[in-house]
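[1] After the sequence you'll find the predicted model.
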Amino acid sequence: IGFNFSKSKHLKLSGTGDASINYGFKVAGTGNNSRGVNIADKSSNIEVEKVEIQNVQDAGIIARTELACDSTTWRDYYTMSAIKIHDYYIHDVVGDGISAGEPSYGAPKTITFSG
């Protein structure tokens, strides 16, 4: 993972600073099942801008909290909010460019508790 935000709030990843450079951060070739930017684990209020992502396997940017045995990840208790993603360049990825939100929202999902 190029950048990983886990249980994070009120952050801004910005590749600004030099007007002659379009994308101040570049994530390239981070390996198998890789992600350029990962926003997860109940993160909120995060902005991502001016980032280039290339040659990743899973997705350029993922913004979601996976359902888990922890009930605070369930939709009645948690909503990801205030995620802003703009002014980016994602290319040459195997999976999704951007994957945002819970893909199984509204669909039945079995969770196996251990312990």
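    Right, received. Where do you want to start? Predicted, not measured: the structure shown is a model, and the values here were computed from it.

[2] so how far is Ile39 from His10?
    Per Cβ to Cβ, to the nearest Å, His10 is found 13 Å from Ile39. For the C-beta atoms, the positions are set from N, CA and C on the backbone; glycine is no exception.

[3] more neighbours, the two?
    Neighbours were counted for His10 and for Ile39 using other Cβ atoms under 10 Å; Ile39 has more, 25 against 10.

[4] And for that one, nearest residue in space, chain neighbours not counted?
    Sequence neighbours aside, Ala63 is the residue nearest to Ile39 in space, at 4.2 Å (criterion: Cβ to Cβ, 6 or more residues apart in numbering).

[5] Please work out how many residues are found near that neighbour.
    Using other Cβ under 10 Å, Ala63 is surrounded by 22 other residues.

[6] How about the contacts made by it?
    If you count contacts by Cβ atoms under 8 Å, 6 or more residues apart in numbering, Ala63 has them with 39-40, 46, 80, 83, 85, 98-101.

[7] one more time with 6 Å
    Applying Cβ atoms under 6 Å, 6 or more residues apart in numbering, we find Ala63 in contact with 39, 83, 100.

[8] With Leu11 instead?
    Ile46.

[9] now it, which residues is it bridged with?
    Here Leu11 sits in beta bridges with Ile46, going by DSSP bridges.

[10] So for it, what's the pLDDT?
    Here, the pLDDT recorded for Leu11 equals 97.

[11] can you tell me how far it sits from Asp92?
    26 Å.
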